[in-house]
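Participant: turn this into a structure:
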Amino acid sequence: MSTRIAFLKGHGTENDFVIIPDPDNAVELSPSAVAALCDRRAGIGGDGLLHVVRSAAHPDARHLADRAEWFMDYRNGDGSVAEMCGNGVRVFARYLQRAGHAVEGDLAVATRGGVKTVHIAKEESGGDITVGMGKALLPEGDVTVSVGDRRWPARNVNMGNPHAVAFVDDLSEAGDLYEAPPFSPASAYPDGVNVEFVVPRGPQHVAMRVHERGAGETRSCGTGACAVAVAAARKDGLDPTVTGAPATYTVDLPGGRLVITERPDGEIEMTGGAVIVAEGEIASEWFETASA
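Facilitator: Next up, the predicted model:
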């Protein structure tokens, strides 16, 4: 492993990430090292880590190399591996653009949740990034989530990762979200779940808070915003695959605003900003200690 490890820091609607460019998959990122890098006091700080690797160089993505050159090896802030991160994909694409690996227009990004289609808008149109998030799965069965002694029914939505979407009267009812809200039945989410609490703000306009598994409450969650938009649409009696008309929802998060569109073919698109804020080099001695 090279003793020089470059990093960048970026965010998408204040969902922030440590970015480790590593085209040849030469940097060994242990769970302890990832958790240390994401530590906000003793590390760089982030909700998660984006490991930028060529698909052909990573065993989890070689089968996707003919469809996407780059693989987003995403890790949660606690060091665990995750399937997908919607805000992370936008920041990942922004990094590739900054590094000269991508230009305005369409881009394919491999993730553990499949290949995602990304569109980088022109600077003069705001430079937002749109991510094709795939189709939502809506597993059957009743699910509930709770905070303290309060319980709510939740919509089970899978966006390549699992979500439980609960509609509440006030976002303060979600509590501090330091700990994962309990859910039942346990069999609904054997590997844990992201929990969203949602209130209406107007026609096809909602606001949300989220506890992301492995990270706690975050300022934004892209897959969560998609899950919320789908759950809100069904609550409003809208299903584009039935009506043949797209459904677009504005989703306000603590860190900003995302626009989610579900198309008649079931595909979901998420649009929002992505910013690179810093870059530097990780001290090799610190990294070796963190990795031990």
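
Participant: show me where the stretch 151-292 of the chain has its strands.
Facilitator: Using DSSP state E, counting those that start in this stretch, the strands of the stretch 151-292 of the chain run over 162-167, 183-184, 194-202, 205-212, 216-217, 247-253, 256-262, 267-272, 275-282.

Participant: need the ones you listed in a markdown table with distance to Ala82 and mean neighbour count, can you?
Facilitator: In short, each C-beta sits where N, CA and C put it, glycine included. Formatted as a markdown table, those follow (distance: least, Cβ to Cβ, whole Å; neighbours: other Cβ atoms under 10 Å):
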| stretch | distance to Ala82 | mean neighbour count |
| --- | --- | --- |
| strand 162-167 | 11 | 25 |
| strand 183-184 | 18 | 18 |
| strand 194-202 | 10 | 21 |
| strand 205-212 | 9 | 24 |
| strand 216-217 | 14 | 18 |
| strand 247-253 | 18 | 21 |
| strand 256-262 | 19 | 21 |
| strand 267-272 | 17 | 22 |
| strand 275-282 | 21 | 13 |
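
Participant: a markdown table please, covering those strands and showing mean pLDDT and distance to Leu49.
Facilitator: Formatted as a markdown table, the strands of the stretch 151-292 of the chain follow (pLDDT from 0 to 100; distance: least, Cβ to Cβ, whole Å):
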| stretch | mean pLDDT | distance to Leu49 |
| --- | --- | --- |
| strand 162-167 | 97 | 20 |
| strand 183-184 | 97 | 26 |
| strand 194-202 | 97 | 17 |
| strand 205-212 | 97 | 13 |
| strand 216-217 | 91 | 15 |
| strand 247-253 | 98 | 20 |
| strand 256-262 | 97 | 21 |
| strand 267-272 | 97 | 20 |
| strand 275-282 | 97 | 12 |
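
Participant: nearest to Glu123, out of those?
Facilitator: Minimum separation from Glu123 across the strands of the stretch 151-292 of the chain (Cβ to Cβ) falls at strand 275-282, 13.2 Å.

Participant: show me what contacts the residue nearest the centre of the chain?
Facilitator: Nearest residue to the geometric centre of the chain (Cα atoms, centre = their mean): Cys85, 2.3 Å. When contacts are counted by Cβ atoms under 8 Å, 6 or more residues apart in numbering, Cys85 touches Asn15, Gly48, Leu50, Met72, Tyr74, Gly222, Thr223.

Participant: dump the residue contacts of the fifth one.
Facilitator: Yep, that's Tyr74 we're talking about. Gly48, Leu49, Leu50, His51, Val81, Ala82, Glu83, Met84, Cys85, Gly88, Thr111, Arg112.

Participant: for ChimeraX, what selects the buried ones among those residues?
Facilitator: Buried residues within these, by 16 or more other Cβ atoms under 10 Å, are selected in ChimeraX with:
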select :48,49,50,51,82,83,84,85,88,111,112
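
Participant: hmm, Arg75 is touching Ser32, no?
Facilitator: No - judged on Cβ atoms under 8 Å, Arg75 makes no contact with Ser32 at a distance of 11.4 Å.

Participant: more neighbours, those two?
Facilitator: Taking neighbours as other Cβ atoms under 10 Å, Arg75 and Ser32 compare with Arg75 leading, 27 against 13.

Participant: contacting residues around that one?
Facilitator: So Arg75 contacts Leu29, Pro31, Val34, Gly48, Leu49, His51, Val81, Ala82 (Cβ under 8 Å, 6+ apart).
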